[in-house]
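>>> Could you work out the structure for the sequence below:
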Amino acid sequence: MLTTDAARGALKGLTRDGWLLFLTRFMRLFAYGSLSVVLVFYLVALGLSESQTGILLTLTLVGDVVVSLFLTTRADRIGRRRMLIVGAILMAAAGLAFACTKNLLLLIIAGTIGVISPSGNEVGPFLSIEQAALSHVVSQQTRTEVFAWYTLTGSVATAMGALFGGTVTHALQRTTWTPVGTYRVVVVLYSLLGVILAYSFTRLSPAAEACLPQEGSALPGTIGSFLGIGHSRRVVMKLSSLFALDSFAGGFVVQSFAAFWFYLRFGVNPGTLGVIFFWANIFAGISALLASRLALRLGLINTMVVTHLPSNVLLIIVPLMPSLSLAVLVLLVRFSISQMDVPTRQSYTMAVVRPEERSAAAGITGVARTMGAALSPLFVGFMFARPSWINVPFFIAGTLKIIYDLLLYQAFVAIRPPEEG
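Now for the predicted structure:
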């Protein structure tokens with residue numbers, strides 16, 4: 001098991017590249033968070049129906065799958081820095097296109113080719129490649145703790161972005177700005193942050209690449225393997241199928257649709273929504289740090305399941321609350337434990353595959369998650385178009401996530417990472 005002293009010193013040994021990756025994650029998740037609160041409002045204000053919005057977001061996530069799979073499975077061979085820069089450019093281009101047109105076909109093309117996050121969570125190639133790079137510069141004993149801080153960084157950034165997006169649009173709507181114009185401000189900011197992100201990735205050193213001296217001899221063996229994985233193929237495929245189920249469930253309650261649900265059910269304005277999701281993401285980030293401590297005692301798989309199950313029960317309860325205050329309270333309690341499986345899941349995946357296969361493994365599992373999440377908005381859009389169905393996505397999400405937890409425990413409880421051996 002890990003030692004507490006080793007965990008406390010996890011961040012002290014981070015290199016310049018490690019800290020830069022923390023910074024890029026903060027910028028990226030700030031952009032995702034700000035966009036997620038207003039994206040559905042923006043698309044509806046442009047003239048799209050709820051059903052069209054659901055179709056667009058589904059195709060957007062499908063496009064992210066293709067982009068992610070292409071970039072992440074080649075990152076260790078072509079260059080992690082190059083693939084990260086390409087991803088950032090696609091993010092900037094997608095934001096610019098969304099800001100400049102209201103034509104559904106053009107929006108679909110831009111969303112499919114570019115990188116857009118309707119959930120406030122990671123999409124595109126970034127997370128997978130950054131995880132692999134971080135795993136190279138930390139020890140097995142501190143990996144989960146570093147990933148916990150990495151998750152906290154993203155949660156805080158998403159929270160600040162959600163607060164910013166909601167507050168700015170609400171403030172501008174009290175002036176002469178039209179609603180669509182206020183939402184477009186956030187979309188333009190998303191594009192600008194993509195440009196800054198691309199420049200930041202150019203500052204990564206060669207040490208962030210996979211071809212380090214101690215690993216160089218191992219890389220050629222993966223070139224002819226399936227999508228960059230060979231020895232780890234079986235465990236990666238099994239994890240991917242389960243992660244896809246979890247994300248398919250989560251896709252029913254992505255932050256964009258959750259925010260819109262509060263508007264439909266209780267008439268909540270964007271400013272208030274920004275505050276709600278600010279605290280929701282703050283609590284989620286803090287829970288990530290608690291997860292790393294809990295993993296010291298229970299192990300990674302046990303921590304993932306024990307913390308995830310009650311959060312899914314709470315998810316089912318949210319739409320059953322009769323008032324806004326109670327619904328927000330249950331949502332915040334749910335967020336306070338719902339993300340405890342994130343750093344443990346990331347750490348576990350990096351632990352059970354070979355070092356030279358980490359980018360590809362993280363990419364494939366990440367793509368599986370995105371693919372799962374891509375299908376859900378299609379159904380949610382149709383449900384939101386029918387007032388009597390707006391609570392159903394919460395019930396579906398919670399139930400499927402409980403099934404995922406039970407299947408994950410059954411399949412992987414006996415497969416322990418090296419540090420738990």
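>>> On the three-state scheme, the residue of the chain most remote from its centre is what?
Distance from the centre of the chain peaks at Thr176, with 34.9 Å (C-alpha atoms, centre = their mean). What DSSP: H, G, I helix; E, B strand; the rest coil gives for Thr176 is coil.
>>> Provide a list of residues in contact with it.
Contact analysis of Thr176 by C-beta atoms under 8 Å, 6 or more residues apart in numbering lists nothing. Every residue, glycine included, has its C-beta placed from N, CA and C.
>>> Could you report the separation of it from Val187?
As judged by C-beta to C-beta, to the nearest Å, Thr176 and Val187 stand 19 Å apart.
>>> Give me the residues contacting the host helix or strand of Leu245.
For Leu245, the host element (DSSP states H and E) is helix 233-250. Residues outside helix 233-250 that contact it (C-beta under 8 Å, 6+ apart): 119, 225-226, 229, 345, 349, 352-353, 357, 361, 364-365, 367-373, 375-376, 396-401, 403-404, 407-408, 411-412, 415.
>>> what's the answer for stretch 279-295, then?
2, 4, 7, 33, 120, 144-145, 147-149, 151-156, 158-159, 162, 303, 306-307, 331-332, 335-344, 347.
>>> so how far is stretch 162-173 from its chain's centroid?
22 Å (C-alpha atoms, centre = their mean, to the nearest Å).
>>> Check stretch 391-398 too.
20 Å.
>>> Alpha carbons only: can I get that stretch in CSV?
Provided in CSV are the C-alpha atoms of stretch 391-398 (Å, rounded to 0.1, in the frame of the first residue of the first chain):
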residue,chain,number,x,y,z
ASN,A,391,-37.1,14.0,-15.1
VAL,A,392,-36.5,10.6,-16.9
PRO,A,393,-32.8,11.3,-17.8
PHE,A,394,-31.9,11.3,-14.1
PHE,A,395,-33.6,8.0,-13.5
ILE,A,396,-31.9,6.3,-16.5
ALA,A,397,-28.5,7.8,-15.6
GLY,A,398,-28.6,6.7,-11.9
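>>> pLDDT of it, averaged?
Mean pLDDT, computed over stretch 391-398, is 94.
>>> Mind listing residues that contact it?
Counting by C-beta under 8 Å, 6+ apart, 249-253, 257, 261, 265, 312-316, 318-320, 376, 379-380, 383 sit against stretch 391-398.
>>> what about stretch 84-97, average pLDDT?
92.
>>> what's the answer for stretch 352-360, then?
76.
>>> Show me which positions of the host helix or strand of Tyr409 end up buried.
In this assignment (DSSP H and E), Tyr409 forms part of helix 392-412. By 16 or more other C-beta atoms under 10 Å, the buried positions in helix 392-412 come out as 392-398, 400-402, 404-405, 407-409, 412.
>>> What of stretch 138-151?
For stretch 138-151, by 16+ other C-beta under 10 Å, it's 138, 140-151.
>>> Where does pLDDT dip in the stretch 1-150 of the chain?
1-10, 137, 139 (pLDDT under 70).
>>> Which parts of it are strands?
Using DSSP state E, counting those that start in this stretch, no strands are found in the stretch 1-150 of the chain.
>>> For it, which segments count as helices?
Using DSSP state H, counting those that start in this stretch, the helices found in the stretch 1-150 of the chain span residues 4-8, 16-45, 50-78, 80-100, 104-113, 126-137, 143-173.
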